[in-house]
Every structure is written in C-alpha cells, then in structure tokens.
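>>> When you get a sec, could you give me coordinates for this:
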Amino acid sequence: RITLLFEGVATYATIYLNGCLIKRNFCGYTSFEVDITDFVDFKNENVLAVYVDTSNHEGWWYEGGGIYRHVWLIKTEKIYVDLWGLYISPQKLENDTWNVRARVCVCNSSYDDTDVDVHIGIDNNGETVLASGIGAKIPSRSKREIEINTTVKEPVLWSLENPHQYTAIAKVISNK
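Next comes the predicted model:
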C-alpha cells in the first residue's frame, strides 16, 4: 500500500498519477491522504502531477497558494494502523492510578479476513512503562477500531514546570 500525505495545499488541489485523476481536495486548511497503490507502475518511471487552482480564496486575507507544507510518501503493509488512527485517553482512578484507554483503528486493504494482534506500548524516555495487547479479526477491505484498557501507577504528569511527555506506539502483527 502506497499513499501520499499532503500536509497542506491551498486552495483547490487536483492530483494525477500517470495521467489518471486520483483525488481532489478543495480545502487548503486540511491535510489529506491519497492512496496511489493501484496506479503506481513498478517497472517504469511514474509521473505525479499536482494542479492547484488559486483563483478562489477560502479566507478574507491573503493566504498564498500552492503546496505550502510537506508531502510524504508512505508505504505500509496491507494491514496497517489508519492515518491518525491511534487515540489515547487516560483517566484518573484513585491513589495515583490511571486507566489508560487506547483506541487503534486497524485497516485491512487485503481481500482476506485477517486475524491480528494489536499491541500498545507507552514509553517514557525509551523505557517501556506500559505494554498491553489484544487479538482481533479484521474483515477484508474494511477497518475496525480496537480498544485496549490497562492501568498505570504513579505516572509523571505534565505541567508548565515539568513538561513531561510519554510516547505511545501501536503495533499490528498479522501472520506472526
């Protein structure tokens, strides 16, 4: 699976790959993803064309035009975590114990139902402080939100004086 992630294109963007219309995006303020998997020619040179029409502005101020943020080429397996598909919501319980609820949107672009193991890890400066996982079945050509609940004791909380952050990592494992 190969996609392009456009972080920002103002204003009306039309994306072509090898002469095929792939996507239109008419909002210069939102990022968008374009799946080019079925249009890539792996044996020859590919031509990507981005046409940007800047004749109409969305705002009442001058906003410029064209590609104004990064464009990323992303390659994934057929089973993958959806773009922006990881959400962590901690909730304080009692005695400095927190429930950590992780929601992971797992996509299956293959034509087979697939059994997967979804793992969540929370790292603190490279040290894993929480790890949990669950098995799930993802139907073919669909996506499913998997929820994992676990607890952590005495986390270092973020504050202005101590802007401490944790890193959440989601892994999807299929066929071992």
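
>>> With adjacent residues omitted, what lies nearest to residue 39?
Leaving out its chain neighbours, the residue that sits closest to residue 39 by C-beta to C-beta, 6 or more residues apart in numbering is residue 17, at 4.5 Å. In this view, the C-beta of every residue, glycine as well, is placed from N, C-alpha and C.

>>> can you check residue 29 too?
The shortest distance from residue 29 to any non-neighbouring residue, by C-beta to C-beta, 6+ apart, is to residue 58 (6.9 Å).

>>> Low-confidence ranges, this structure, go.
Applying pLDDT under 70 to the chain flags the ranges 59-63.

>>> can you give me the helices in it?
Remark: helices of the chain are absent; assignment by DSSP state H.

>>> Ramachandran coordinates for the residue located most distally from the centre of the chain?
Computed with C-alpha atoms, centre = their mean, the residue of the chain farthest from its C-alpha average is residue 95, at 34.1 Å. Dihedral pair for residue 95: phi 50, psi 40, per degrees, to the nearest 10.

>>> how near is it to residue 153?
Residue 95 sits 8 Å away from residue 153, going by C-beta to C-beta, to the nearest Å.

>>> What segments of this protein are strands?
With DSSP state E as the criterion, the chain has strands at 2-6, 9-10, 12-17, 20-25, 32-35, 48-53, 66-67, 71-75, 79-92, 97-108, 114-124, 127-138, 142-153, 167-174.

>>> Just put those strands in JSON lines and tack on distance to residue 160 and mean neighbour count.
Listed next are those as JSON lines, based on distance: least, C-beta to C-beta, whole Å; neighbours: other C-beta atoms under 10 Å:
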{"stretch": "strand 2-6", "distance to residue 160": "32", "mean neighbour count": "17"}
{"stretch": "strand 9-10", "distance to residue 160": "34", "mean neighbour count": "22"}
{"stretch": "strand 12-17", "distance to residue 160": "39", "mean neighbour count": "19"}
{"stretch": "strand 20-25", "distance to residue 160": "37", "mean neighbour count": "14"}
{"stretch": "strand 32-35", "distance to residue 160": "34", "mean neighbour count": "17"}
{"stretch": "strand 48-53", "distance to residue 160": "41", "mean neighbour count": "14"}
{"stretch": "strand 66-67", "distance to residue 160": "36", "mean neighbour count": "14"}
{"stretch": "strand 71-75", "distance to residue 160": "32", "mean neighbour count": "12"}
{"stretch": "strand 79-92", "distance to residue 160": "19", "mean neighbour count": "15"}
{"stretch": "strand 97-108", "distance to residue 160": "20", "mean neighbour count": "19"}
{"stretch": "strand 114-124", "distance to residue 160": "19", "mean neighbour count": "18"}
{"stretch": "strand 127-138", "distance to residue 160": "22", "mean neighbour count": "14"}
{"stretch": "strand 142-153", "distance to residue 160": "22", "mean neighbour count": "14"}
{"stretch": "strand 167-174", "distance to residue 160": "20", "mean neighbour count": "16"}
